[in-house]
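Undergrad: Need the 3D shape of this:
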Amino acid sequence: IISPPRLSTLAKMKFTATLFAFASCAPLANASRNLIDGCLGSNDFTFDFKDQCDYDEILKVIGREKGPGCTATAADVLIFLLGNSVVDEVTARAEIISLCTDAYESSDLNFDFKGISQQGYQFDNEYYSGGSYWNYEVQTNAGENVLREDAARVKRVYDDQAQKGIIELPMYLEAFDPSKDGQCDMNAAFCCWVQDRQANDNNGNCATPYDQRCIDKDPADNANLCYVDHNRSSLVSHVGGGFTVFGDIIKNEEDIEGPIHCHGFAWADHGNDPSHAYRGNNMFYVSMYDHLHQRGYVRNVPGSPMCACAENMAVVTRADCTEIKATETFTISYKTTTSTFGVSLKEIHDIDFNGCRGINNNNNDLESYVARLARDGKLAESKYERLKRILVGKKRGNCNQAIVDFMATKGIVKNN
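TA: Just a heads-up that it's a prediction; the model follows:
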């Protein structure tokens, strides 16, 4: 957190191709800010480290490099280096979060989501709504409309920017963020697909010959659809309001909608966490590479976006989940002439996309992964509680109960 007086002194300097975010400090005005004998701060320095950019990892670097004659603790040395606004561990941690977040945001390794398809806003928005020829077309026996040829750029982006860069989350798309508030309220997003258009990939039941065995075929079923509130995504569905339910609460029947496949991701609150920094990479991987290009999963649940922030999606029982593991090198530096401590992202060596590790060993499950983020203090508990009203759980009866609860908000009450 940067206090108002420091905003005017926050400096950004560029060295070669690397961008640095600096914490500035005013001239040392009291004994507590005097240079610590034998410790870092009397000369410029630059150190690299290959771990997550956070207070604990940077503290380890300071501890290793503070100098053989330095008797102060690494924490005290770091507080000195960070400047006058940092007076204890709490403010030091907050400052490191800010610096590391800015290191991601100011890096020249950022990649605009618009550059993935290179087909413009309308195409991207229609794709995430469940439209465009990527969703509608099916390959023919004559070899027309081959998905991996039409979407070949997806593979090129996966091989390069998705694993070596930072892809922005497409909050500018109405399909992804119909509320236009610029954020996902629960730090989670997911997709639900209802068709399979690609054969011979061991996913879904599209098969060859295409003209006979790949018309209106299904993805692998991994969730039950409960209901769609059209008010959540009217800009996408072009339906002004209303709702659709996919359960029979009178007969107590669920799973009546046919196969759907849902898959998503989530991220920590702080911008220096890799799950947050690379959430756009995860969005690309889940929606375009893993499920479209590799599996051929397409089309949206009627009335719902195909992929969006969780609060704008259909209410379902569950979704699979992918999390990020990034291997990176960061640089910390100090300039004595300006008393500035800097953090930069030097290189992204690799980004792996793995099945989420959820709470209580319930893996590959989005709700369980968000529960783990909340348990570990990385995400507000209130966001997890809200998500549980979108991903209601696969226990029998949960889906119909969600329908009953929702309809009650519309003044429609089940007659016992």
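
Undergrad: can you give me the strands in the stretch 251-400 of the chain?
TA: For the stretch 251-400 of the chain, the strands defined by DSSP state E, counting those that start in this stretch cover 261-266, 297-298, 307-309, 315-316, 320-335, 340-355.

Undergrad: Let me have the ones you listed in CSV, adding distance to S368, mean pLDDT and mean neighbour count as columns.
TA: For glycine as for every other residue, the C-beta is placed from the backbone atoms N, C-alpha and C. Below are the strands of the stretch 251-400 of the chain laid out as CSV (distance: least, C-beta to C-beta, whole Å; pLDDT from 0 to 100; neighbours: other C-beta atoms under 10 Å):
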stretch, distance to S368, mean pLDDT, mean neighbour count
strand 261-266, 10, 98, 28
strand 297-298, 22, 98, 28
strand 307-309, 19, 95, 28
strand 315-316, 15, 98, 26
strand 320-335, 8, 98, 20
strand 340-355, 11, 98, 19
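
Undergrad: can you tell which of the ones you listed is closest to G240?
TA: Smallest distance to G240 across those (C-beta to C-beta): 18.0 Å, for strand 307-309.

Undergrad: Give me the contact list for the closest one.
TA: 128, 175-179, 183-186, 188-191, 233, 236, 283, 286-287 (C-beta atoms under 8 Å, 6 or more residues apart in numbering).

Undergrad: Quick one: distance of that strand to the chain centre.
TA: Between the centre of strand 307-309 and the centre of its chain there are 11 Å (C-alpha atoms, centre = their mean, to the nearest Å).

Undergrad: can you check stretch 378-392 too?
TA: The chain centre lies 15 Å from the centre of stretch 378-392; the measure is C-alpha atoms, centre = their mean.

Undergrad: and if you look at stretch 217-229?
TA: On C-alpha atoms, centre = their mean, the centre of stretch 217-229 falls 22 Å from the chain's centre.

Undergrad: for it, how far is the first residue from the last?
TA: Using C-alpha to C-alpha, to the nearest Å, one end of stretch 217-229 lies 25 Å from the other.

Undergrad: re the thing from before, could you dump the strands of the stretch 251-400 of the chain to CSV with distance to K60?
TA: Output for the strands of the stretch 251-400 of the chain, formatted as CSV (distance: least, C-beta to C-beta, whole Å):
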stretch, distance to K60
strand 261-266, 28
strand 297-298, 43
strand 307-309, 36
strand 315-316, 42
strand 320-335, 11
strand 340-355, 14
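
Undergrad: Show me the one of these that comes nearest L40.
TA: Using C-beta to C-beta, those put strand 320-335 closest to L40, at 6.7 Å.

Undergrad: Show me what that closest one is packed up against.
TA: strand 18-24, strand 45-49, strand 261-266, helix 274-277, helix 279-284, strand 340-355, helix 366-375 (3 or more C-beta pairs under 8 Å, 6 or more residues apart in numbering; DSSP states H and E).

Undergrad: now do 7 Å
TA: Contacts defined by 3 or more C-beta pairs under 7 Å, 6 or more residues apart in numbering; DSSP states H and E place strand 320-335 against strand 45-49, strand 261-266, helix 274-277, helix 279-284, strand 340-355, helix 366-375.

Undergrad: for those, which one sits closest to C39?
TA: strand 45-49 (11.1 Å).

Undergrad: buried ones in the next helix or strand after that closest one?
TA: Next in sequence after strand 45-49, counting helices and strands by DSSP states H and E, comes helix 55-65. Within helix 55-65, the residues scored as buried using 16 or more other C-beta atoms under 10 Å are 55, 57-59, 61-62, 65.

Undergrad: ditto for stretch 110-119
TA: The neighbour-count check on stretch 110-119 (16+ other C-beta under 10 Å) flags 110-111, 113, 116-117 as buried.

Undergrad: where in the protein is pLDDT low?
TA: For the chain, the stretches flagged by pLDDT under 70 are 1-33, 416.

Undergrad: ok, now with 90
TA: For the chain, the stretches with pLDDT under 90 are 1-37, 67, 84, 175-183, 231-242, 248-250, 252, 414-416.

Undergrad: And the helices in the stretch 151-300 of the chain?
TA: With DSSP state H, counting those that start in this stretch as the criterion, the stretch 151-300 of the chain has helices at 152-159, 161-164, 210-213, 234-237, 274-277, 279-284.
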